[in-house]
Structures are given as structure tokens and as C-alpha cells.
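*Asks:* Structure for the following, please:
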Amino acid sequence: MTYIIDLLDETESLTQEKQELVRRIVESACLQENVPAETEVSVTFVDNQAIQDINREYRGKDYATDVISFALDEGEEGPVDPSVPNLLGDIIISVPKAEEQAAAYGHSFERELGFLAVHGVLHLLGYIHETEEQEKQMISRQEEILKAYGLER
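*Replies:* Down below sits the predicted model:
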């Protein structure tokens with residue numbers, strides 16, 4: 001099954017290998033979540049200032065965060081035009097936050113990038129973590145996806 005994963009590294013700091021790792025993990029998460037083939041996901045890597053600006057503008061929270069997701073078809077109903085690609089949404093990851101969190105949690109930068117990418121995909125698919133139960137469910141699913149991919153702590 002193929003997915004269209006668009007990657008943009010605005011920080012110009014990620015190697016091709018790290019970008020390819022994120023691409024494969026996003027594809028794996030989509031496959032494991034039964035996302036239809038040919039679905040498109042965009043992943044942009046930014047610095048803390050850029051993600052803080054986005055967080056402030058769209059969420060009203062004036063601080064840098066690790067990942068933000070924007071689902072493009074949220075709440076849309078009705079027939080889907082087969083000539084239009086299925087656009088799942090955009091995932092924005094702060095590279096400096098990923099580095100900080102990898103060090104804080106004692107695992108690799110690659111593991112943190114994977115975790116944030118899967119977290120973003122699950123948000124695009126409607127997962128939320130507003131309650132403790134929802135958070136447990138989402139974290140559990142993230143860990144299952146990462147384990148199936150082979151990227152564990």
C-alpha cells in the first residue's frame with residue numbers, strides 16, 4: 001500500500017536517513033491504522049520559534065511545543081470525489097524539542113522523532129488525549145505502532 005508523505009525540513013538539520021525514517025514510520029502508522037492507500041500526509045520540521053508562533057496563532061498557547069497536527073478533512077461528510085487526493089493533514093515537529101525530549105527520556109533522537117510522527121498521525125485520525133483514559137489509549141497505540149515498526153525504547 002502506498003501513501004504520499006511530503007517532508008519539508010525548514011531547519012535544514014535532518015539527514016536524509018532521519019527524514020526517510022520519519023517517512024517510513026508515518027507510512028507504517030497509516031498502514032496499521034487502515035488509512036486508505038494514496039492518502040497524503042505532510043510533515044514539516046521546524047525550530048522552536050516557528051512552532052511557538054504556530055501554537056500561539058492556532059491554539060492560543062504562547063510556548064514552543066513538540067508536535068502540532070492539523071487535520072484537513074476534520075468534520076467533513078458526504079461523498080468523496082475520487083479524482084481529489086485524500087489529504088489527511090499536516091504534522092509539524094520541532095526538531096529542537098525532539099532533541100531535548102530524547103535526552104530527557106533517555107532514548108535516541110530517532111525514537112523521539114518516530115514517537116512524535118506517530119503522535120501526529122494519530123491526532124490526524126481523530127485520537128485525542130483530553131482525559132487520562134484517552135491519553136492512556138493514545139500512548140498505548142503509539143507504543144504498539146512503534147513496536148510493530150521496530151522502534152522501541
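
*Asks:* So K61 sits against N55, correct?
*Replies:* Yes - under the criterion of Cβ atoms under 8 Å, K61 makes contact with N55 at 4.9 Å. C-beta here means a position set from N, CA and C on the backbone, and glycine is covered the same way.

*Asks:* more neighbours, these two?
*Replies:* The neighbour comparison of K61 against N55 (other Cβ atoms under 10 Å) goes to N55, with 18 against 13.

*Asks:* Is the more buried one located within a helix, as I assumed?
*Replies:* Yes - according to DSSP: H, G, I helix; E, B strand; the rest coil, N55 belongs to a helix.

*Asks:* Who are the contact partners of it?
*Replies:* Taking Cβ atoms under 8 Å, 6 or more residues apart in numbering, we find N55 in contact with K61, D62, Y63, A64, T65, I68.

*Asks:* and what of E27?
*Replies:* Here E27 is in contact with Y3, I5 (criterion: Cβ under 8 Å, 6+ apart).

*Asks:* Quick check: the farthest pair among the contacts of N55?
*Replies:* Greatest spatial distance among these (Cβ to Cβ): D62 and I68, at 13.5 Å.

*Asks:* Those two: which is more packed in?
*Replies:* Between D62 and I68, I68 has the larger neighbour count (other Cβ under 10 Å), namely 20 against 10.

*Asks:* Quick check: phi and psi at the nearest residue to that one once chain neighbours are set aside.
*Replies:* Spatial nearest neighbour of I68, excluding adjacent residues (Cβ to Cβ, 6 or more residues apart in numbering): I92 at 4.7 Å. Per-residue torsions, I92: phi -120, psi 120 (degrees, to the nearest 10).

*Asks:* Much appreciated, bye for now.
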